[in-house]
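In: Here's a sequence, model it:
(one chain, ligands or ions: 2)
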Amino acid sequence: MQSFPRRVEIVEVGPRDGLQNERGVVPTEVKVEWIDRLGAAGLRRIEITSFVHPKWIPALADAGEVARRIRRREGVQYSALVPNVKGLERAAEAGLRAVAVFMSASETHNVRNINKSIAETYPVLEETVREAKAAGMFVRGYVSTAFGCPYEGPVSPKQVIGVAERLLEMGIDELSIGDTIGIATPGDVRRLLDALRQRVPAERLALHFHDTRGMAAANIYAALEYGICVFDASAGGLGGCPYAPGATGNVATEDVVYLLHGCGIETGVDLDRLIEAAAYMEDHLGRPLPGRNLRARRAAG
Ligand code: HMG
Ligand code: MG
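Out: Ligands and ions are numbered 1, 2, ... in the order given. The predicted structure is shown next:
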């Protein structure tokens, strides 16, 4: 067991993972304003949208517009999800310098999510990562369903390692391990990190927890003990994967910041401004978001 990191980086995925599941249309200008408020709260990495097929994810059909219209703050990395070279080209045309490729550790979720088997996905992502790296971009790779699959049930560390190693061989800069359906417990996190750390240095790993069963904060605490210092989160706890039935939002960014600051770990995020940014999206959507610190602040008036 290592000591806790002094500083942790949060990757804000609300504008992508949070909004991708929204049924109603969130106007582009509201997304742009939200991203700006998240940056103003001190978040230094923001996943702003997805350049996937608009028929698959209609809520993010305005990806190019969002990327072109955001106000770029100095020192902030703005990134987007891309499933293939076509998505990469759209992201680059819209001026982005950081992208994330994604695939699943389980076969069925991979097919439902991106319409290809795991074996068919590797060459597509290989080409995408190669072109992105040749263009000097930062590339993250996600392994989804790393703890469980909505269609196949439990997923073993061995399955995750198989996909993770292929992604790392492609030349990604960072690997984000996704608990897509929010099923992991700290015991599962330890088992996976025990296996992964033999192969991947902790500095290249990020963890991406959905909070479906309320375990995300405990899971982050367990991962901190392994020296993990990048965590994904969504302001307000907005979100879910449309191709994972029953999946709910990511752990709320304000709850991660509260946890980390309480443990004496720096994030560079101003919790009050972050809660105000979460409240902005909550007001726009007109329904309560699950983030606990957002709820507590609202209850306090
Ligand atoms: P497909 O239909 O198999 O694509 O979809 P295709 O390659 O056969 O092409 C069919 C048509 O789509 C062609 O157009 C392509 O040009 C077009 P046509 O010739 O018929 O006119 N096309 C595109 N158009 C725009 N942008 C593109 C693109 N690519 C092809 N990038 C595809 C395959 C991957 C595109 C589709 O399945 C897709 O878009 N899936 C997205 C699913 C998704 O976004 N899921 C949610 C994100 S993953 C997630 O949430 C998990 C995560 O948060 C981590 C975790 O929680 O664990 C990351
Ligand atoms: Mg996710």
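In: By proximity to ligand 1, which residue of this structure wins?
Out: Closest contact between the chain and ligand 1, by CB to the nearest ligand atom, is at residue 178 (2.1 Å). The C-beta positions use only the backbone N, C-alpha and C, and glycine is treated the same way.
In: mind listing what the one helix or strand that residue maps to pairs with, with the direction of each?
Out: Here residue 178 is covered by strand 174-179, with elements defined by DSSP states H and E. Sheet pairing of strand 174-179 (DSSP bridges) gives strand 138-144 (parallel), strand 205-209 (parallel).
In: Now mean pLDDT too, for the ones you listed, in CSV please.
Out: Listed next are the strands paired with strand 174-179 as CSV, based on pLDDT from 0 to 100:
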stretch, mean pLDDT
strand 138-144, 98
strand 205-209, 98
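In: Contacts only, for the residue of the chain closest to ligand 1.
Out: Residues in contact with residue 178 (CB atoms under 8 Å, 6 or more residues apart in numbering) are 102, 142-146, 208, 210.
In: do the same with residue 95
Out: Residues in contact with residue 95 (CB under 8 Å, 6+ apart) are 67-68.
In: tell me the pLDDT at it?
Out: With respect to pLDDT, residue 95 scores 98.
In: start at 35 instead
Out: From this message on, residue numbering opens at 35, which makes the last subject residue 129.
In: and it, what helix or strand is that in?
Out: Residue 129 is part of no helix or strand when elements are defined by DSSP H and E.
In: Kindly report the same for residue 63.
Out: Counting by DSSP H and E, the element that carries residue 63 is helix 62-74.
In: Show me how far that helix is from its chain's centre.
Out: Counting by CA atoms, centre = their mean, to the nearest Å, helix 62-74 is centred 17 Å from the centre of its parent chain.
In: Checking my notes, residue 57 in a helix, right?
Out: No: read with DSSP: H, G, I helix; E, B strand; the rest coil, residue 57 is coil and lies in no helix.
In: burial count for it?
Out: Residues within reach of residue 57, counting by other CB atoms under 10 Å, total 7.
In: on that earlier part again, which secondary structure elements does the helix holding residue 63 contact?
Out: strand 79-84, helix 97-103, helix 305-319 (3 or more CB pairs under 8 Å, 6 or more residues apart in numbering; DSSP states H and E).
In: can you pull the buried residues of it?
Out: Within helix 62-74, the residues that qualify as buried are 62, 65-74, counting by 16 or more other CB atoms under 10 Å.
In: Let me have those in CSV, extended by distance to residue 144.
Out: Shown next, in CSV, are those (distance: CB to CB, whole Å):
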residue, distance to residue 144
62, 30
65, 28
66, 32
67, 34
68, 30
69, 29
70, 34
71, 34
72, 30
73, 32
74, 37
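In: and ligand 1, which of the contacts of residue 212 contact it?
Out: The subset of the contacts of residue 212 within reach of ligand 1, by CB under 6 Å from any ligand atom, is 136, 176, 178, 242, 244.
In: what are the phi and psi values for the first one?
Out: Per-residue torsions, residue 136: phi -150, psi 150 (degrees, to the nearest 10).
In: separation between it and residue 50?
Out: Between residue 136 and residue 50 the distance is 11 Å, computed by CB to CB, to the nearest Å.
In: any shared contact partners between those two?
Out: The contact sets of residue 136 and residue 50 overlap at residue 115 (CB under 8 Å, 6+ apart).
In: Who has more neighbours out of these two?
Out: Higher neighbour count among residue 136 and residue 50: residue 50, with 28 against 22, using other CB under 10 Å.
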